[in-house]
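Novice: Okay, here's the prediction I keep looking at, along with the sequence it came from:
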Amino acid sequence: MASMSLKKSYRCVQSLQQFYTGGPLVISPDGSFLVCACGDAIKVVDSNNASIKATIEGDSELVTTLALSPNGNILFSSSHSRQIRVWDLTSLKCIRSWKGHDGPVMGMSCDPSGGLLATAGADRKVLVWDVDGGFCTHYFKGHKGVVTCIMFHADPSRLLLFSGSDDATVRVWDLMTKKCVAAMEKHFSAVTSLALSEDGGILLSAGRDKVVNLWDLNDYQCKMTILTHEVLEAVCVAHSGSTLHSCVSSDKGGAKNSTLPEFSFLTVGERGIVRIWNSQSTMCMFAQKSSDVAFSSESDDLRRGFTAATMLPADQGLMCITADQQILFFTPRKESEGLNLILSKRLLGYNEEILDMKFLDEDENFLAVATNIEQVRVYDLSSMSCSYVLAGHSEIVLCLDTYKWSIGSTLIVTGSKDNTVRVWDSVGRCCIGLGLGHMGAVGAVACSKKRGDFFVSGSSDRTLKVWSIDGLSLDSEVVNNLKAKAVVAAHDKDINSLAIAPNDAYVCSGSQDRTACIWKLPDLVFVVALKGHKRGIWSVEFSPVDLCVITASGDQTIKMWAIADGSCLKTFEGHTSGVLRASFISRGTQFVSCGVDGLVKLWIVRTNECIATYDQHEDKVWALAIGRKTEMLATGGSDARINLWHDYTAVDNEEAFRKEEEAILRGQELENAVLDADYTKAFQIAFELRRPHKLYGLLSDICRKNKAEDHLRNSLATLGKEELHLLLEYIREWNTKPKLCHVAHFVLFQIFSFISPSEIVEVRGIGELLEGLIPYSQRHLTRVDRLERSTFLLDYALTGMSILEPDGDDTRDVKRVRREITC
């Protein structure tokens, strides 16, 4: 029965990959997908689950700007190579490309009709292009600095183009007269964003001088300047029928400017909050109370706040982009006290190196991930979006573990490079416990499996500590200090991994000193040392059913040890580089391992056999998480990729059974067709079943029939190019054997006689096939020629014995005998 429950196949069903490394990002008109710059490539990403729908390879230069046509079918891109490319998103092919700027293209905008494309360059130029023809229609010069933003007027009847520059000016270009009709100078720093009111009469410009200017497009005068007290990166106008506008349109006092039409607009910038303003007042109508941006550190100003924002279609809300490649989706909600912006989704474009991960909750719908940053990111696996972020550590989080607390809440324990351990409440999403005392980075933590009232930490200071969580309260707003119940100097080098036995009686520590040690809890009394690895140990784990431990090491092996005496029970070899993680599944009868070679392997303990190897990572696989309930796997590593693996053993068994049953039925049809002398049908079925031996027997029978050529040609007429390629492969194999070569050459002769040379040349790999046929065919012809020459000995013997003086008829008899001998 145990063998029936073994898992034989896993499949990667979901994957979160790197899709955005910063820079330009645009969203489709219907909000269904994103187009992101990922280094020198462009990724098309599903906005619902962050899955990559398509990848457009670049020209080895970083992408500087992107734009979409109004219907979302055409993509415009440019990179540091200054090449402007037009892509068809249905076929992912480049329709046309051209160069026009003397420097990188910094901005693009497509007009409402989709026929014109405006580009803004670092060469201070603004160019307008005909999309279909790829030629320049307008050439504008006037800016004294890099042109940072560009936008067409939304009304097709008003052929105006707006551009903003880091020379602190906004210029309006008339496409009919091809002249600059206004140079609006009111900013004192670079203009970062432009927006247009709904009626098209007011232009809004935002800049790094912390102001928003409202310009009347009738006389091009500044009607209002709003001081925002933050460096702005984007300004957007909320439509009159949207929830955002209706919730903040109430009168909140302040000076009114009745000369301007009333509308709402929002700003984002360095603070990382969304603020909404009214066009007739200088007061902020709404501001988020706190930022949803997870700051890396207080001193890292380059990674703070928002860098861009876009209003989503159909009143879906707002999309904001942060400097650390986070894409936040906000949904407006009208509540009794006013507007509330709910963070509905957080997509992370880049995870950096993934160091550790664990499943959360009983249903395992969430995954806690530690990467090369100071926060822990918790993902919702249904949408592959970041549900929330746990921020508190001041250095990189190196390890984490989860467990069910006695009061029912799920806790997350993390260890960091800042020499501390923290306990987090997954429901309240806050830190409830802090452990101080380690003198080095905490590289391993392990939680109690049974009692749930303690955890163990291991550090680069070579010590183990047992921490008690008794007395922690979820209701307390103050972070409690944790107390260490026991401390021991455990190893001679850094501690890499910890594991606690299922009964909480032992803890095992793996170290860079090439040993693993077992300690008795809770006092950390030494039990036994496990010695035998030739390099550092990266992972340890107790068997859920047996008194044994498995260790994974940098020496490319996995070993199983007896707890009682520390003897090595088994050694598993198969990885080509160091093994970084190994975890039991199937109640201890199997385990999964991953390593530096980027491979994930599935093993059977009893037979020491690796039954499956999966290659879905491009670099080291540092993290491996096993679902306790579903035994779903999650892997992550240096390639910043998270893969989710589901057990497909039952599905594969059903599929194999279905295919076998179908093959039996088709095999019976084949036998019936042979009995009915329906050679054409039998020929087709033999090809479908991929049975070359049965096909040879069928062709051999055809060769012995009357009108064999007609039967064979009727069968060949049903073959496509791929099937003909397969038949030639079979003939090549048959031709290597003297017993089968006669049928092979008979079929080959009919192929070359019946099928035209032009069709044969189009067969895939025909040159390679012929190269395999010619040498053996020459060998067979040489053998036949040699046999034929040997038959002349018969003529000589008969004539020399004067037994037979051949006449005309006898000569024909001798020739017939000779032919029979040669055959």
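Specialist: Looks like it arrived, so ask away. Quantities reported herein were computed from a predicted structural model and do not represent experimental measurements. Residues are numbered from 1 along each chain as shown.
Novice: Now do the strands in the stretch 301-450 of the chain.
Specialist: 306-312, 317-322, 326-335, 338-348, 354-360, 366-371, 376-380, 385-390, 397-404, 410-416, 421-425, 430-435, 442-447 (DSSP state E, counting those that start in this stretch).
Novice: Can you say which of those strands is packed in most?
Specialist: For those, average neighbour numbers computed from mean count of other Cβ atoms under 10 Å are highest in strand 442-447, which has a mean of 26. C-betas here are computed from N, CA, C, even on glycine.
Novice: Show me the shaky parts of this structure.
Specialist: Counting by pLDDT under 70, the chain shows low-confidence ranges at 1-4, 249-258, 294-304, 406-408, 476, 802-823.
Novice: would you list every one of the helices in it?
Specialist: For the chain, the helices defined by DSSP state H occupy 243-248, 649-675, 679-689, 692-703, 708-716, 721-734, 741-754, 757-761, 766-800, 808-822.
Novice: TSV for the strands of the stretch 301-450 of the chain, including distance to Tyr696?
Specialist: Putting those into TSV (distance: least, Cβ to Cβ, whole Å) gives the following:
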stretch	distance to Tyr696
strand 306-312	64
strand 317-322	63
strand 326-335	60
strand 338-348	57
strand 354-360	53
strand 366-371	54
strand 376-380	55
strand 385-390	57
strand 397-404	60
strand 410-416	63
strand 421-425	68
strand 430-435	73
strand 442-447	62
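Novice: Which of those strands sits closest to Lys737?
Specialist: strand 354-360 (53.7 Å; Cβ to Cβ).
Novice: by how many degrees do the closest one and strand 385-390 diverge?
Specialist: 100 degrees (axes from the mean of the first three to the mean of the last three Cα atoms, to 10 degrees).
Novice: Can we start the residue count at 57 from this point?
Specialist: Happy to do that; since the first residue is 57 now, the last one works out to strand 410-416.
Novice: got the contact list for strand 410-416?
Specialist: 422-428, 434, 452-458, 466, 468, 482, 678-684, 688, 690, 692-694, 696-698 (Cβ atoms under 8 Å, 6 or more residues apart in numbering).
Novice: let's see 6 Å
Specialist: 422-427, 454-458, 466, 482, 678-679, 681, 683, 690, 692-693 (Cβ atoms under 6 Å, 6 or more residues apart in numbering).
Novice: Name all residues that make contact with the closest residue to Thr120 other than its chain neighbours.
Specialist: Distances taken as Cβ to Cβ, 6 or more residues apart in numbering put Pro160 closest to Thr120, at 4.9 Å, once the chain neighbours are dropped. Going by Cβ under 6 Å, 6+ apart, Pro160 touches Thr120, His136, Ala178.
Novice: try Thr792
Specialist: Counted by Cβ under 6 Å, 6+ apart, Thr792 has contacts Tyr832.
Novice: Tell me the spacing between it and Tyr832.
Specialist: Between Thr792 and Tyr832 the distance is 5 Å, computed by Cβ to Cβ, to the nearest Å.
Novice: tally of neighbours for Thr315?
Specialist: Counted with other Cβ atoms under 10 Å, residues neighbouring Thr315 total 9.
Novice: How much space separates it from Asn104?
Specialist: Counting by Cβ to Cβ, the gap from Thr315 to Asn104 is 44 Å.
Novice: Pull the contacting residues for the residue found closest to Ile140 once you drop the neighbours it is linked to in the chain.
Specialist: Closest residue to Ile140 apart from its sequence neighbours, by Cβ to Cβ, 6+ apart: Ser134 at 4.9 Å. Residues counted as contacts of Ser134 (Cβ under 6 Å, 6+ apart) are Thr120, Thr121, Ile140, Val161.
Novice: Same list (the residues you listed) but as a markdown table, adding neighbour count and distance to Ser298.
Specialist: Compiled in a markdown table, the contacts of Ser134 are given as follows (neighbours: other Cβ atoms under 10 Å; distance: Cβ to Cβ, whole Å):
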| residue | neighbour count | distance to Ser298 |
| --- | --- | --- |
| Thr120 | 22 | 31 |
| Thr121 | 23 | 27 |
| Ile140 | 23 | 34 |
| Val161 | 29 | 32 |
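Novice: just these now: which is nearest Asp211?
Specialist: Nearest member of those to Asp211, counting by Cβ to Cβ, is Thr121, at 24.1 Å.
Novice: How about the contacts made by the closest one?
Specialist: Pro80, Ser134, Val161, Gly163, Met164.
Novice: try 8 Å this time
Specialist: Applying Cβ under 8 Å, 6+ apart, the residues contacting Thr121 are Pro80, Ser133, Ser134, Val161, Met162, Gly163, Met164, Thr175.
Novice: ok, how many other residues are close to the first one?
Specialist: Meaning Pro80. 21.
Novice: in terms of contact, does it touch Val119 like I think?
Specialist: Yes - with contact defined as Cβ atoms under 8 Å, Pro80 reaches Val119; the gap is 6.2 Å.
Novice: what residues do the two have in common as contacts?
Specialist: With Cβ under 8 Å, 6+ apart, Pro80 and Val119 have common neighbours Ala93.
Novice: now Lys414: how far from Ala638?
Specialist: Taking Cβ to Cβ, one finds Lys414 at 16 Å from Ala638.
Novice: now do Trp271
Specialist: Taking Cβ to Cβ, one finds Trp271 at 65 Å from Ala638.
Novice: Could you check which of those two has the larger neighbour count?
Specialist: Ala638 (26 against 23).
Novice: That one is in contact with Ile606, isn't it?
Specialist: Yes - contact criterion Cβ under 8 Å: Ala638 and Ile606 qualify, at 5.3 Å.
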